[in-house]
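> Give me a 3D structure for the following:
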Amino acid sequence: MVKSPPARVSELDLEQMTYLFRLMSDKTRLKILILLSQGERNVTSLCQELELPQPTVSHHLGLLRINNLIGNRRDGKQVYYGINGRFQTPAENSLHFAVENYTIQIGSRAGDTDGESIE
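A predicted model of the protein is given here:
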């Protein structure tokens, strides 16, 4: 059986994936993405769920928004955050997002029954 040569990964793809993984390596930002995959939330709701002060949550939301991982919309005085078009949530406990020519998937493994939450 003849194997095809490994695909070459462009420097741009590697750079973008490296930056994305650095951004997502923070536990709080990952929790925020998981919560937003369940639907839009405002800052107050996220602060209560994460048990963190508003400035901390706003800082992380700002980093995610600036890097186009989440979007926001204003409704009166409230600002609601949600995942943007780069993400898909095809199944419960699953996030898929696109980075140039690649799709990165985060999700629970089938059969995991340890009952851990995102807390």
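
> buried ones in stretch 51-60?
Within stretch 51-60, the residues scored as buried using 16 or more other C-beta atoms under 10 Å are Leu52, Val57, His60. C-betas here are computed from N, CA, C, even on glycine.

> Show me what the helix or strand harbouring His59 packs onto, helices and strands only.
Assigned by DSSP states H and E, His59 falls within helix 54-66. For helix 54-66, the elements it packs on are helix 27-36, helix 43-50, strand 70-75, judged by 3 or more C-beta pairs under 8 Å, 6 or more residues apart in numbering; DSSP states H and E.

> Who are the contact partners of Thr56?
Thr28 (C-beta atoms under 8 Å, 6 or more residues apart in numbering).

> scratch that, Leu30 is what I was asking about
Leu30 sits in contact with Met24, where contact means C-beta under 8 Å, 6+ apart.

> and if you look at the one 3 residues further on?
Counting by C-beta under 8 Å, 6+ apart, Leu33 makes contact with Met24, Leu64, Leu69, Ile70, Ile83, Phe87, Leu95.

> What pLDDT is listed against Asp112?
With respect to pLDDT, Asp112 scores 52.

> An error on my part: the question was meant for His96.
At His96, the pLDDT value in this model is 69.

> Then the one 5 residues further on?
The confidence metric pLDDT takes the value 69 at Asn101.

> now do Phe87
57.

> mind showing which ranges of the chain have poor pLDDT?
Along the chain, the parts satisfying pLDDT under 70 run over 1-7, 85-94, 96-101, 107-119.

> rerun that using 50 as the cut-off
Scanning the chain with the threshold set as pLDDT under 50 gives 113, 115, 118-119.

> can you list the buried residues of stretch 51-60 in TSV and add distance to Met17?
Output for the buried residues of stretch 51-60, formatted as TSV (distance: C-beta to C-beta, whole Å):
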residue	distance to Met17
Leu52	28
Val57	26
His60	20
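
> Of those residues, just say which sits nearest to Thr18.
Nearest to Thr18 among these: His60, at 19.4 Å, using C-beta to C-beta.

> For the closest one, give me its contacts.
Asp26, Thr28, Arg29, Ile32.
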